[in-house]
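Novice: Attaching a predicted model along with its sequence, questions to come.
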Number of protein chains: 2
Amino acid sequence: MHICEVFNSFISVWSSKKRTMSQTSYYAVIFTSIKSPNADGYDRMSEELETLVVNQPGYLGHESARNEIGITVSYWKDLESIKNWKMNALHQTAQKTGRENWYQAYKIRICKVEREYGMGEI
Amino acid sequence: MHICEVFNSFISVWSSKKRTMSQTSYYAVIFTSIKSPNADGYDRMSEELETLVVNQPGYLGHESARNEIGITVSYWKDLESIKNWKMNALHQTAQKTGRENWYQAYKIRICKVEREYGMGEI
């Protein structure tokens, strides 16, 4: 391997693992839930909401994972954007069905992201 | 079924699905990560840290789930408690090995929880 390739490969690993840190100000909604054993219609509604939320004003992104507990964190420009998404008609239907059928329990936390740091692209 | 049993069963379902809402003020650390294909020693370290963190001053709880992405949210009384946990010796070792070996990428967000609501116990 030519020395330039070694150098480029080093730079590539370095930049993919580059650490960043910043003061910031936006909002996170942490949604934790335990699903009911029978959650008919949940997956279809999830897909519909995923399509819808990405075009919502103020939406910055979201991440999800589920084992025994499900955690979805969505990120928003401000509290107004979070409120507007909460009031969205299809989302209101999902919230109602969620309370009545899909979830044994859930918790929603509205948070102000004050600082963030990390490594690589996530 | 006696009328009292019907009533008690109704109360039991109602209280398990009771909705709560509150203004609040504590902190959440949202840790999202993508693991490297080879993460030797990760599970053992996770177990050790789990045992340690629950006795950390200011620790309020944590929740984890992992699919393609891993999300761990830990809850803390204040920023000082978060800083102290970050400086813990074993946790420092874990952070270093995490950056070098276990994670392709990760992001940590320090957040102030401003409001929360939910249903049932989670």
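Specialist: Looks like it came in fine.

Novice: Please identify which helix or strand holds the residue lying closest to A:G61 once chain neighbours are set aside.
Specialist: Counting by Cβ to Cβ, 6 or more residues apart in numbering or on different chains, A:G61 lies nearest to A:Y75, which is 4.9 Å off, once chain neighbours are set aside. C-beta here means a position set from N, CA and C on the backbone, and glycine is covered the same way. If you go by DSSP states H and E, A:Y75 is part of strand A:70-76.

Novice: Show me what whichever helix or strand comes after that strand is packed against.
Specialist: Using DSSP H and E, the next helix or strand after strand A:70-76 towards the C-terminus is helix A:79-87. Packed against helix A:79-87, as judged by 3 or more Cβ pairs under 8 Å, 6 or more residues apart in numbering or on different chains; DSSP states H and E, are the following elements: strand A:19-35, helix A:89-97.

Novice: Ok, which of those comes nearest chain B?
Specialist: strand A:19-35 (5.5 Å; Cβ to the nearest Cβ).

Novice: report the angle between the axes of that closest one and strand B:19-35?
Specialist: Our comparison of strand A:19-35 with strand B:19-35, counting by axes from the mean of the first three to the mean of the last three Cα atoms, to 10 degrees, yields an angle of 130 degrees.

Novice: okay, the helix or strand following strand A:19-35 in CSV with CA atoms only?
Specialist: Per DSSP H and E, the first helix or strand lying C-terminal to strand A:19-35 is helix A:42-53. Extracted in CSV, the C-alpha atoms of helix A:42-53 (Å, rounded to 0.1, in the frame of the first residue of the first chain):
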residue,chain,number,x,y,z
TYR,A,42,-50.1,-0.4,15.6
ASP,A,43,-47.6,-1.1,12.9
ARG,A,44,-49.7,0.4,10.1
MET,A,45,-50.3,3.5,12.2
SER,A,46,-46.6,3.8,13.0
GLU,A,47,-45.7,3.7,9.3
GLU,A,48,-48.3,6.4,8.5
LEU,A,49,-47.1,8.7,11.3
GLU,A,50,-43.4,8.2,10.2
THR,A,51,-44.4,9.4,6.7
LEU,A,52,-46.3,12.4,8.2
VAL,A,53,-43.9,13.5,10.9
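
Novice: immediately after helix A:42-53, which helix or strand?
Specialist: Counting by DSSP H and E, the next helix or strand C-terminal to helix A:42-53 is strand A:59-66.

Novice: Quick test: name the residue nearest the centre of chain A.
Specialist: The centroid of chain A falls nearest to A:H62 when counting by Cα atoms, centre = their mean (2.1 Å).

Novice: is the residue nearest to that residue when sequence neighbours are not counted in a bridge, and if so with what?
Specialist: Closest residue in space to A:H62, ignoring its immediate chain neighbours: A:S74 at 3.9 Å, by Cβ to Cβ, 6+ apart. Counting by DSSP bridges, A:S74 is bridged to A:V29, A:H62.

Novice: pretty sure A:S74 is touching A:E50, no?
Specialist: No - the criterion here is Cβ atoms under 8 Å, and A:S74 misses it with A:E50 at 10.7 Å.

Novice: out of these two, which sits in the more crowded spot?
Specialist: Neighbours around A:S74 and A:E50, counted as other Cβ atoms under 10 Å in any protein chain shown, are more numerous at A:S74. The numbers are 20 against 11.
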